[in-house]
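**Student:** using only what follows, build the 3D model:
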Amino acid sequence: EALKVNGVLTSLDLSDNYLCKGKGWFGQEVYSIKGIKALADALRGNWMLNTLKLWNNKIGDEGASAIADALKGNGVLTTLRLGLNNIGDVGAIT
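**Tutor:** Below is the predicted model:
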């Protein structure tokens, strides 16, 4: 919620934070898009962000699409680090 109202954030590094990790019925790790979608939603109104690092969060194609959509209006982003995120052709196209 704090990110949604912060219009002056210029740099955010959430590398290695397991943004797409959840727990299944029996405690096993499962993929969950909730974290990255919440982040994308929070970043949607920030037009000052010039650096975003999400290295190694396994966001996948769906997460990459959510981040791309959220940053469409951002004209000042100069650094975007998305390595080690299981992003395939579909996610890269967005």
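
**Student:** would you map the helices across this protein?
**Tutor:** When assigned using DSSP state H, the helices of the chain occupy the ranges 2-5, 34-43, 60-70, 89-93.

**Student:** tell me which of those helices sits most buried.
**Tutor:** Compared across the helices of the chain, helix 60-70 shows the largest average neighbour count, a mean of 20 (mean count of other CB atoms under 10 Å). (Glycine included, C-beta is placed from N, CA and C.)

**Student:** distance between it and the chain's centre?
**Tutor:** Chain-centre distance of helix 60-70: 7 Å, with CA atoms, centre = their mean, to the nearest Å.

**Student:** OK, contacts around the residue lying farthest from the centre of the chain?
**Tutor:** Within the chain, the residue lying farthest from the chain centre (CA atoms, centre = their mean) is Phe26, at 26.9 Å. Taking CB atoms under 8 Å, 6 or more residues apart in numbering, we find Phe26 in contact with no residue.

**Student:** related to what we said a few turns ago, for the helices of the chain, give me TSV that also has mean pLDDT and distance to Asn50.
**Tutor:** Below are the helices of the chain laid out as TSV (pLDDT from 0 to 100; distance: least, CB to CB, whole Å):
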stretch	mean pLDDT	distance to Asn50
helix 2-5	75	15
helix 34-43	93	12
helix 60-70	95	15
helix 89-93	90	22
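
**Student:** okay if I get those helices as CSV plus distance to Leu82?
**Tutor:** Formatted as CSV, the helices of the chain follow (distance: least, CB to CB, whole Å):
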stretch, distance to Leu82
helix 2-5, 18
helix 34-43, 11
helix 60-70, 7
helix 89-93, 9
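
**Student:** out of those, the one nearest Lys21 is which?
**Tutor:** Across the helices of the chain, Lys21 has its closest neighbour in helix 34-43 (7.7 Å, CB to CB).

**Student:** for that closest one, give me every contacting residue.
**Tutor:** 1, 3-4, 12, 14, 18-22, 49, 52, 54, 57, 59, 62-63, 66-67, 69-71.
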